[in-house]
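Test case, fold it:
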Amino acid sequence: MTRVFYPGTFDPLHNGHLEIISVAAELFATVVVAAMRNPSKAEPFFDQTTRVELIRESTAHLANVEAVSMDGLVVEAAAKAGADMIVKGLRGVTDFENELQMAQMNRHVSGIVSVFIPSTSEDSYIASKYIREITRLGGDVTDLVPDPVAKAMRERLK
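Below you'll find the model as predicted:
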């Protein structure tokens, strides 16, 4: 029974993330989705506690998905979560190049293997940074994010 670790900032969780989570949930026994803090990114739109809750609400229909909050190195967080592998989503060639290098480094320092799940072309253009920007400027992103996230984004901007 394989337990996989899907790390990300998920700020916010969007339909592209949800697609990767859903595919991973079909392939593996347990998917641990970890909202992580990325010190190289700007101030988050949602705090980690809120992001974890939104992941839980958005994946409630998937019985084998867990949501957690973690900090530090991904490989250490994956080990702490008891994961056998790391799952990463791929939108395109640039993602592949970056994620491949990261996967190779992670395997070198920890021995943990990464698996890649490509997104469908209908979700490949979605990125959290664009969703945050559109939302801050008053645009509608409800078709790009799960319902709980859309609701939370509207509430946050009130």
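
Now do stretch 39-54, average pLDDT.
What stretch 39-54 shows for mean pLDDT is 88.

mind listing the helices in the chain by residue range?
15-27, 48-58, 74-80, 93-110, 128-136, 147-156 (DSSP state H).

TSV please, covering these and showing mean neighbour count.
(Each C-beta comes from the backbone N, C-alpha and C, glycine too.) Below are the helices of the chain laid out as TSV (neighbours: other CB atoms under 10 Å):
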stretch	mean neighbour count
helix 15-27	20
helix 48-58	20
helix 74-80	19
helix 93-110	13
helix 128-136	16
helix 147-156	16
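
out of these, nearest to Glu122?
helix 15-27 (8.8 Å; CB to CB).

The helices of the chain: which one's closest to Ile117?
The nearest among the helices of the chain, by CB to CB, is helix 15-27 at 5.1 Å.

follow-up on the earlier one: dump the helices of the chain to a markdown table, plus distance to Glu122.
Listed next are the helices of the chain as a markdown table, based on distance: least, CB to CB, whole Å:
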| stretch | distance to Glu122 |
| --- | --- |
| helix 15-27 | 9 |
| helix 48-58 | 18 |
| helix 74-80 | 27 |
| helix 93-110 | 16 |
| helix 128-136 | 15 |
| helix 147-156 | 18 |
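
Between those, which one is closest to Thr2.
Smallest distance to Thr2 across the helices of the chain (CB to CB): 8.1 Å, for helix 15-27.
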